[in-house]
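Asker: The following block contains a protein sequence and its predicted model.
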Amino acid sequence: MVSFSAEIDVAASPASVAAVMFDPARQAEWMSAVESVEIHDAALAPGARVTHRGSLMGRDLLWTTEVEAVHFPHLLAMRITDGPFTGVVRYGIQRSGAGSRVQIQSEGELNGLGFVLADVAAGAMRSTLQADLGRLKGLIETARVD
């Protein structure tokens, strides 16, 4: 079992952050591992599924997420049901001063990797997640839709 998280402050309202972050069609804009998505269920509601295609650490990846809970604009909790990482991922957005505190938390299992490789992969995933939040911040702050 591995667990990792990242967080960042964004100079925008929680609704403005969630409008981008919770939209699977926009994930390739800020998530480096995502090259494309196939949206199976258009509504952002429990049970909605999205299949992602991409790569991480030179490996081609395919994984599916299923929404467990959504409380727009503060929480999107998803289960990763297949792929190289299975478990849960949680997007959290809270008002912080004039902007928002944005966090992603993931917990689960790395499939098909040995113990030592799992630690290396988890470290790479943590670094990637922090860089992804930096891209999300730039994307939202540049748009300044508030």
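Answerer: Yes, it's here.
Asker: so where's this structure shaky on pLDDT?
Answerer: Counting by pLDDT under 70, the chain shows low-confidence ranges at 57, 112-122, 144-146.
Asker: Kindly list the longest helix within it.
Answerer: Criterion DSSP state H: the longest helix present in the chain is helix 115-143.
Asker: what helix or strand does R53 sit in?
Answerer: Assigning secondary structure by DSSP states H and E places R53 in strand 49-56.
Asker: Tell me which other helices or strands whichever helix or strand comes after that strand touches.
Answerer: Downstream of strand 49-56, the next assigned helix or strand under DSSP H and E is strand 59-71. Contacts defined by 3 or more C-beta pairs under 8 Å, 6 or more residues apart in numbering; DSSP states H and E place strand 59-71 against strand 49-56, strand 75-82, strand 85-96. The way it works is simple: take the backbone N, C-alpha and C, and place the C-beta from them, glycine included.
Asker: Can you list the helices and strands that the longest helix of the chain packs against?
Answerer: So helix 115-143, by 3+ C-beta pairs under 8 Å, 6+ apart, packs with strand 2-10, helix 14-21, helix 27-30, strand 49-56, strand 99-110.
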